[in-house]
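>>> sequence and computational prediction follow.
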Amino acid sequence: MARKHKPEEIIGKLREAEIVLAQGGAVSDACRRIGVTEQTYYRWRKEYGGMKMDQARRMKDLEKENQRLRRAVSDLTLDKLILQEAAKGNF
């Protein structure tokens with residue numbers, strides 16, 4: 001079962017991996033040390049590489065807010081369509 005890491009944890013693990021790589025270690029060694037697959041490491045590096053902890057936290061907060069707003073727009077669109085059908089007498 002996959003464990004969901006927090007952005008702060010991911011950034012910490014990426015920094016730890018960078019240390020291993022800077023000391024001449026291979027990517028596989030760094031991944032083994034931080035306990036993730038190479039695929040996960042590269043995905044994390046693509047998403048969080050170069051970020052600071054507060055930036056990652058802010059990004060995740062914005063993603064949650066964006067998801068909430070999309071859901072609200074979807075609900076309102078559905079309500080509007082139902083009301084339009086009811087107004088036409090097609091119920």
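Perfect, I can see it now.

>>> all the helices of this structure, residue numbers only.
For the chain, applying DSSP state H gives helices covering 7-22, 27-34, 38-48, 53-88.

>>> can you redo those as a markdown table with mean pLDDT and mean neighbour count?
All C-beta spots, glycine's among them, are computed from the backbone N, C-alpha and C. A markdown table is the format used below for those (pLDDT from 0 to 100; neighbours: other Cβ atoms under 10 Å):
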| stretch | mean pLDDT | mean neighbour count |
| --- | --- | --- |
| helix 7-22 | 91 | 16 |
| helix 27-34 | 95 | 16 |
| helix 38-48 | 93 | 14 |
| helix 53-88 | 91 | 11 |
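
>>> and the residue nearest the centre of this protein?
With distances taken as Cα atoms, centre = their mean, the residue of the chain nearest its centroid is K60 (6.4 Å).

>>> which ones are touching that residue?
P7 (Cβ atoms under 8 Å, 6 or more residues apart in numbering).
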